[in-house]
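S.K.: Next come a sequence and a model predicted from it.
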Amino acid sequence: RRLKLVLRSSTWDQVILISIILSSATLAFDMPSVDPESDTARILYGLDFFFTGLFTVEMTLKLYAFGFCKNDDAYFRSSWNVLDGAIVVTSLISLIAKDVDGLSVFRSLRALRTLRPLRVVQRFPGLRKVVNSLFRAVPECINLFQVCFLVLLVYGLFGMQFMQGKAQACNDESISAKLDCVGSFTPPDGGLPLERWWGNPDNGNFDNIGYAMLTLFEMATLEMWPDMLFLAMDTNDVGKAPLINSNPWMSVYIISWIVVSAFFLLNLFVGVVLENFNNIRAQEDGSGLISDEQKEWMRTHTHILRSTAQRALRAPWGRSRFARFRKYLFTIVMQPSFDYVVAAIVLLNVFVMSFQWFHQPNAVTVLDEGLDMLFTTLFTLEMCLKLLALGPAQYSRNPWNVFDATLVTGALVADFLILISAAGIGVNPSLIRMMRVFRIARLLRLMRMREGMSRLITTIFISVPALANVGLLLSLLMYVYSILGVELFSSLAFGEFINEDANFTGFGMALLTLFRCITGESYNGLMHDAIVSEERNAPGRCSDAEGTCGSLFAVPYFVSFQVLGVQVVLQLILAAMLDTFAIETTSDSSTLTSRQLTLFSEAWAELDPEATQMIRHAELAQLVMSLPQPLGFNGEGTPEDALPIVQKMKVKVHKQKGGSAMLQFHDVLGALSHSLQKRGGASLTLPPKSSCRRVNSFVAGSFVRRGSKKSVEEMAKRLAAGRTTPEQGCTSSMAVLSQRFATTSLPSTTELL
C-alpha cells in the first residue's frame, strides 16, 4: 500500500516526467553519424543506460505494486502502460544487443527508441485527452476508411490499365525507344559520360497496384499533381518514351481523380474524423448527455462567473488650475472623436511607410525620416495627454495603453539612434532596423478600434488553451518523426529534393524538413528521393556498399506523417479556432456573448467606479437604460421605460447596515441573461409613456423588499386616496412616496426612478 502511494504521488510523477524529457532530449544528439569511439558517444551511452535502468525499475515497481492484469488498476489494464512497457523492453533489448555480437539482429530495434517521447502524453491530462479522443474516433471512421481505400483501389486498377509501363523513358532525352537506350552519352550541360538507362520517372508510375495507389494518394494531396497530369497526357506505347500530347484523353482520368479525391474524399475524411473527435470529446466532458439549450446555459453562466466588475476611469478632482486643466484633458481623451483622430494618424503613418522603395533618392529618405519623427512626436503627445488626464495608475490599468507606451518608447529610441548615427557616431545598422519594428507595429493599434478585429483577437486568446494541447501534440509528433528520420535517412545520397537545404543528416535539419513537409511543400519529392535504389534508379544515383541508398520504409514514414500531421492534427488547430470563432460570432441570440459581457462591465463601472461589485437597488433602472440592445435600451428613453423589465427581474437583494438595499454584479448579470433567454434574444422596445400604475407598482414593489407589511398597506391606502386623474395621481403618489422614503434611510423616489 505504501508503495502504491509513492508511485501515485505527484513527486514521483514529476521525477519520471523530467526523466522522460531528458531521455528524449538525448535522442536528438544520439545520431548514427556519431563516432562510436568519441566522448560524445560514451556520454550518450551512459545516459541511455541510466534512463533505461530507471524506467525498468519504474515498470518493475508498478508490476509488483499493481499486478499484471487481474485488478482494475493492474499495470497492463492501461493502454498507456502497455506502450510504456513495450518501449522499456525494446530499449533493454537494443541496449543489450549493442554489446553482444550474437544479438546484432536486434539492433534494428534501436529505431523504436524514438517512441520514448510519447510517454509524456500520459503525464499531461489535456494532451492525453486529445490523444484518447483521436484513438476513440478511429473505429467510428472505419467505414469511411474502407470507402476511401475502395475508391483508391478502383482508380489504381484503371490507372494500371491505361498507363502500365508507359511512363518509362530513357535518361538520354534524344532516345525515344527502349531498344535504342544502350551505351553511354554525354549530358547536354557537359560533364562525364553517363550510362543510358531506361526506367520510370521519380514522381510516380502505374506499373503495379502499389505504385499506382501511392501516386494517386500524392495527387489527392494536390502536391505536384500537374506534373503527373502532363506525364499521363504524354504517355505513348510500352517501350516508347512519352511524347507531348500523344494521349490527351488521359487528362479526363487525372482531373476526375482530383475532383473525387481532393474535393470530396479527403475533405470528407477530415470532416468525419474531426466530427467524431468532437463528439467523443463532448461525451468525455459530459456535454454529450445534455441538450443544446443546457449547453448554452452552462456556457453563459460560465462566462458570467468569469466576468468581474471593472474600475471606471474617473476624472481628476481638485480646485487648482492644474486639476481643472487635467479635467479638461480627461474630457478630450475620453471622447470617441479623439480615438478616431489617432486612428487616422496611424493610417497616415502606415501609408507613408508603404511608399518606400529600394534605392530611393536620398531626398525621399530624408522626407520619410522627418515624417516618421513627426508621427512619433504626435504619438508621444497622445501618450502624455493620456498620462496627464488619467494619471499613471489609471493609464497603466489598460493593457492597450501599456502596448501604446511600449511602441512610443521603441520609436523614440529608434529616432534617437538615427539622430546620433547622422551625427557621425557609429551605430549598428541592425539595431536601427530592429528598433524600426516598433514603427510597423503601430498598425496593430487599429485592432482595438475595430470591433471585428477586436473580436478576432478575442477569439485567438480564448482558443489558446485548446490550441496549446493540439500544438503540444503536433510538436511531439514532429519530434518523434524527426528522430526517426535521422535514424533511417541520415546517410541518403543527395538528389533533386533531398539536398543541402532539406535532409535528415541531423535533428535540427530533420525538424526543419518536416516543418516543410507539414506545409505540403514537395513532401512526395522527398519521399521518392528517400526510396532510391540501385535496381530502381539510374546507375550512380546511390550505392548500397556506401549505405547511401534509401528503402521502402520511406513510404509509410512520409505517408503516415502526411495523414497524421497534416490531415488530422493540423486540422485540429483549424477546428479549435473555428469552434471558438463560431461561439463568439454566431452563438444563439438569446445567450450572452463576450462583447455583451464587456459592455455590461463598462456600464456597471459607471455606477460602481471603485469595482466593489455592488450597486444600489435604486440604480438598477438606470443600468438597464444605459445598456446596449438587446440587454437594455441603449441610452434611449427615461428610467421609467425600464420599469417593466426591472419589475420582472428576479435579483437577490443584499441588505446592508442602515437598511440600504444593494445588488451584486453576478446576480444582476444572471438576471439580465435570464431575461434575454426568456425573450428569445429579442431586442427591447421603448414602451408608451409609463402610467402611474407602473410607477407606483414598481416603487411599492421596491418598498416591499425593505418595509414592513403594515407600512406598505398604509402607503397603498394613501396612494389610493390621493389618485384622481393619472397625472394628479402621479403627483400625489410622488409626494406621498417622497415623504415616506424621507423617514427612512432609503434613497429618494427621484433617485429610484
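M.R.: Structure received.
S.K.: List the contacts of Gly485.
M.R.: Listed by Cβ atoms under 8 Å, 6 or more residues apart in numbering, the contact set of Gly485 reads 504, 510, 513-514, 557. Heads up, the C-betas are built off the backbone N, CA and C, glycines and all.
S.K.: Turn those into TSV, including neighbour count and distance to Val88.
M.R.: Shown next, in TSV, are those (neighbours: other Cβ atoms under 10 Å; distance: Cβ to Cβ, whole Å):
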residue	neighbour count	distance to Val88
Phe504	25	26
Ala510	26	25
Thr513	24	30
Leu514	23	26
Tyr557	20	24
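S.K.: between those residues, which is closest to Gly199?
M.R.: For the contacts of Gly485, the closest approach to Gly199 (Cβ to Cβ) belongs to Tyr557, at 23.0 Å.
S.K.: Flag every buried residue along stretch 410-429.
M.R.: 410-412, 414-415, 417-418 (16 or more other Cβ atoms under 10 Å).
S.K.: Let me have the residues you listed in CSV, adding pLDDT, distance to Leu329 and secondary structure as columns.
M.R.: Formatted as CSV, those follow (pLDDT from 0 to 100; distance: Cβ to Cβ, whole Å; DSSP: H, G, I helix; E, B strand; the rest coil):
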residue, pLDDT, distance to Leu329, secondary structure
Gly410, 84, 25, helix
Ala411, 82, 22, helix
Leu412, 85, 21, helix
Ala414, 79, 27, helix
Asp415, 77, 25, helix
Leu417, 79, 31, helix
Ile418, 76, 30, helix
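S.K.: quick one: Leu388 from Tyr395, how far?
M.R.: Per Cβ to Cβ, to the nearest Å, Leu388 is found 9 Å from Tyr395.
S.K.: same check, this time on Thr409
M.R.: Thr409 is 14 Å from Tyr395, by Cβ to Cβ.
S.K.: Neighbour count: the two, which is higher?
M.R.: Per other Cβ atoms under 10 Å, whichever of Thr409 and Tyr395 has more neighbours is Tyr395, with 19 against 13.
S.K.: tell me which element that one falls in.
M.R.: Using DSSP states H and E, Tyr395 sits in helix 362-397.
S.K.: That helix packs against which elements?
M.R.: In this structure, helix 362-397 makes packing contacts with helix 321-333, helix 336-354, helix 399-422, judged by 3 or more Cβ pairs under 8 Å, 6 or more residues apart in numbering; DSSP states H and E.
S.K.: in the second one, what's buried?
M.R.: Translated: helix 336-354. 342, 345-346, 349, 353.
S.K.: by contact count, what packs against that helix?
M.R.: Using 3+ Cβ pairs under 8 Å, 6+ apart: helix 336-354 touches helix 362-397, helix 437-440.
S.K.: Dump those into CSV; add mean pLDDT as well.
M.R.: Shown next, in CSV, are the helices and strands packed on helix 336-354 (pLDDT from 0 to 100):
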stretch, mean pLDDT
helix 362-397, 87
helix 437-440, 72
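S.K.: Neighbours of His654, how many?
M.R.: Neighbour tally, His654, other Cβ under 10 Å: 13.
S.K.: My error: substitute Ile244 in the last question.
M.R.: Ile244 has 8 neighbouring residues, counting by other Cβ under 10 Å.
S.K.: hmm, who's touching stretch 161-171?
M.R.: With Cβ under 8 Å, 6+ apart, stretch 161-171 has contacts from 176, 178, 180-181, 194, 196-201, 204-207, 231-232, 235-239, 241-242, 250, 253, 538.
S.K.: The same query, at a cut-off of 6 Å, please.
M.R.: 181, 196-200, 205-207, 231, 235, 238, 241-242, 538 (Cβ atoms under 6 Å, 6 or more residues apart in numbering).
S.K.: Save the buried residues of stretch 410-429 as TSV, and put in distance to Val569 too.
M.R.: Converted to TSV, the buried residues of stretch 410-429 look like this (distance: Cβ to Cβ, whole Å):
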residue	distance to Val569
Gly410	36
Ala411	40
Leu412	44
Ala414	40
Asp415	45
Leu417	44
Ile418	46
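S.K.: and which of those is nearest Pro336?
M.R.: Ala411 (25.0 Å).
S.K.: Distance check, the closest one against Tyr328.
M.R.: Relative to Tyr328, and taking Cβ to Cβ, Ala411 is found at 27 Å.
S.K.: Mind jotting down where the strands sit in the protein?
M.R.: 169-170, 184-185, 194-195, 198-199, 614-616, 653-655, 661-664 (DSSP state E).
S.K.: Can you list the strands that the fourth one pairs with?
M.R.: Partner strands and pairing direction for strand 198-199 (DSSP bridges) are strand 169-170 (antiparallel).
S.K.: Tell me how this structure divides into domains.
M.R.: Taking automatic domain parsing as the reference, the chain has its domains at 2-123, 124-185+194-289, 324-449, 465-580, 587-690, 695-753.
S.K.: what's the closest of those to Arg314?
M.R.: So among the domains of the chain, domain 587-690 is nearest, using Cβ to Cβ, at 5.5 Å.
S.K.: mean confidence score for that closest one?
M.R.: For domain 587-690, the mean per-residue pLDDT is 71.
S.K.: which residues touch Leu472?
M.R.: With Cβ under 6 Å, 6+ apart, Leu472 has these contacts: Leu127.
S.K.: Need the pLDDT of it.
M.R.: pLDDT, Leu472: 88.
S.K.: Contacts only, for Asp227.
M.R.: Asn203.
S.K.: Can you tell me how far it is from Trp604?
M.R.: From Asp227 to Trp604 the distance is 63 Å (Cβ to Cβ).
S.K.: ditto for Leu385
M.R.: When Leu385 is compared with Trp604 (using Cβ to Cβ), they lie 27 Å apart.
S.K.: Over to Met649?
M.R.: 15 Å.
S.K.: Please apply the same query to Leu492.
M.R.: For Leu492, the distance to Trp604 - Cβ to Cβ - is 65 Å.
S.K.: returning to what we had before: of Leu385 and Trp604, which one has the most company?
M.R.: Of the pair Leu385 and Trp604, Trp604 is the one with more neighbours under other Cβ under 10 Å, namely 25 against 15.
S.K.: distance of that one from Ser490?
M.R.: 63 Å.
S.K.: was I right about Gln571 contacting Val270?
M.R.: Yes. Assessed by Cβ atoms under 6 Å, Gln571 is found in contact with Val270 at 5.2 Å.
S.K.: Pull the number of nearby residues for the closest residue to Asn469 other than its chain neighbours.
M.R.: What sits nearest to Asn469 in space, not counting adjacent residues and going by Cβ to Cβ, 6 or more residues apart in numbering, is Gly126, at 4.2 Å. Applying other Cβ under 10 Å, we find 14 other residues in the vicinity of Gly126.
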